[in-house]
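Asks: Model the following, please.
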Amino acid sequence: MNQPAPISQPSAPMRLEKTHLRLGFVSLADAAPLVAAKLLEFGHAHGLTLELLRQPSWAALRDRLLAGELDAAHALYGLAYGVQLGLGGPQTDMAVLMVLNRNGQAITLSNRLADALNEYQTLPRALATLGRKPVFAQTFPTGTHAMWLYYWLASQGVHPLRDIESVVIPPPYMVAALAEDRLDGLCVGEPWNAAAEARGVGRTIAYSSEIWPDHPEKVLACRRDFVDQHPHTAKALVQTMLEACRWLDGDGHRNEIARWLVRPEFIGIDEALIAKRLTHDSRSLTPGRLPVRFFEDGTVNYPRADDGVWFLTQYERWGMIAHRDDYREIAAAINQTELYRDAAESMGIAIPAESVSRRLIDGRVWDGSEPDRYATGFEIHA
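Replies: Here you go, the predicted structure:
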């Protein structure tokens, strides 16, 4: 492995408060930036040595992060926000340092339910053929997969809190649960949707990019006191991960990372399943289905506060929190935009627009404006 030159060297050495960092991750293809950063030792140019620690579930990752056993982690966007609000664990002030990827998740149905959907054309009619309450899995109560699943179900006329049973299963165990007929559907990151199809136990019905095109997905998260106590280290960590995300955009590097992710300490399944949905581009996909994105000149990585506000509107929609007037303040405190700007600009990486308008699967547009009106405007809600 030949390590590429870093984007740029820091203009002046920073005195790092901590140089050895323990980073947590869960076995998913979008942990690729952490794996690349470690195996290519991008941290060395920024004064860091990284140690990767695989976690069996998002709950385990959360607990170790909050206990200080992890310095930072590859985390669900909604995990950081849930913990901040005391929903996904003990209330702890959290920090989102950057976005690691966009897109790359999917919803897979059991063969029986996929066949029924193909025959009856609408999800409510297909679900009725089961003769019981359907069971769908997601990975964390406030996480992205729960939100994509709920949003998709509601867009199909199914109430996610009344019409289905929602259960939490760690990503690596999803396929086995589907194979054992304990699930009718699931929402998870890759390569587990591809693995379900390869095993013949389910079919991918919707990509998360069809729900929200270029949605934020995994983030580099830590406790906020880590940033307060280690500001130079936090900046160096963002720079390191930007190096890794940029490398993933290079020719052939998606295939190379797939070969590394197959190792048992990372994901440990067939390389072809990892590569299948990690390497395809927009030209090979059905319209509306977008590839996982890691960098694209930095447009992926900016921790835009509006993205965080969207999750808060969904927590309100599903009755997880009562209406609040301070969504923007919460998001501004969690998302470390000033730190990110400092790190990115020192590397010559452009900062994208603060607001981006996107039309979601139900036709509603999210551009960050009027979150109160957005949160209360859904026909299906708690």
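Asks: How about residues contacting the least confident helix or strand in the chain by mean pLDDT?
Replies: Scoring the helices and strands of the chain by mean pLDDT, DSSP states H and E places helix 271-278 at the bottom, with a mean of 93. Contact with helix 271-278 is made by 29, 32, 104, 106, 190-191, 193-195, 198, 254-255, 257-259, 261-262, 267, 291-292, as judged by Cβ atoms under 8 Å, 6 or more residues apart in numbering. The way it works is simple: take the backbone N, C-alpha and C, and place the C-beta from them, glycine included.
Asks: Can I get it in PDB, CA atoms only?
Replies: Extracted in PDB, the C-alpha atoms of helix 271-278 (Å, rounded to 0.1, in the frame of the first residue of the first chain):
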ATOM      1  CA  GLU A 271     -15.400  -9.000  -0.700                       C
ATOM      2  CA  ALA A 272     -17.800  -9.100  -3.600                       C
ATOM      3  CA  LEU A 273     -20.700  -8.200  -1.300                       C
ATOM      4  CA  ILE A 274     -18.800  -5.300   0.200                       C
ATOM      5  CA  ALA A 275     -17.700  -4.000  -3.200                       C
ATOM      6  CA  LYS A 276     -21.100  -4.500  -4.900                       C
ATOM      7  CA  ARG A 277     -22.700  -1.300  -3.600                       C
ATOM      8  CA  LEU A 278     -19.600   0.500  -2.400                       C
END
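Asks: which parts of that helix are buried?
Replies: 271, 273, 274, 275, 276, 277, 278 (16 or more other Cβ atoms under 10 Å).
Asks: Okay, the first one and residue 221: tell me how far apart.
Replies: To residue 221, residue 271 is 28 Å away according to Cβ to Cβ, to the nearest Å.
Asks: ok, and for stretch 332-345, which residues are buried?
Replies: Using 16+ other Cβ under 10 Å as the test for burial, stretch 332-345 gives 333, 334, 335, 336, 337, 339, 340, 343, 344.
Asks: Sorry, wrong one. I was asking about stretch 220-239.
Replies: Using 16+ other Cβ under 10 Å as the test for burial, stretch 220-239 gives 220-224, 226-227, 230-239.
Asks: Among these, name the ones in strands.
Replies: Using DSSP state E, 220, 221, 222, 223 are the members of the buried residues of stretch 220-239 that sit in strands.
Asks: any weak-confidence spans in the stretch 101-250 of the chain?
Replies: Applying pLDDT under 70 to the stretch 101-250 of the chain flags no residue at all.
Asks: ranges for the strands of it?
Replies: 105-110, 135-138, 165-168, 185-189, 202-207, 218-223 (DSSP state E, counting those that start in this stretch).
Asks: which helices and strands does the fifth one pack with?
Replies: Contact analysis of strand 202-207 by 3 or more Cβ pairs under 8 Å, 6 or more residues apart in numbering; DSSP states H and E lists strand 105-110, helix 111-120, strand 185-189, helix 192-199 as its packing neighbours.
Asks: would JSON lines of the ones you listed with mean neighbour count be doable?
Replies: Rendered in JSON lines, the data for the helices and strands packed on strand 202-207 read as follows (neighbours: other Cβ atoms under 10 Å):
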{"stretch": "strand 105-110", "mean neighbour count": "26"}
{"stretch": "helix 111-120", "mean neighbour count": "16"}
{"stretch": "strand 185-189", "mean neighbour count": "28"}
{"stretch": "helix 192-199", "mean neighbour count": "22"}
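Asks: Of the ones you listed, which is nearest residue 59?
Replies: For the helices and strands packed on strand 202-207, distance to residue 59 was read as Cβ to Cβ. The smallest value, 15.0 Å, belongs to strand 185-189.
Asks: which outside residues touch the closest one?
Replies: Strand 185-189 is touched from outside by 28-30, 104-110, 113, 134-139, 145-146, 148-149, 152, 169, 171, 174, 177-178, 192, 196, 202, 205, 208, 217-218, with contacts defined as Cβ under 8 Å, 6+ apart.
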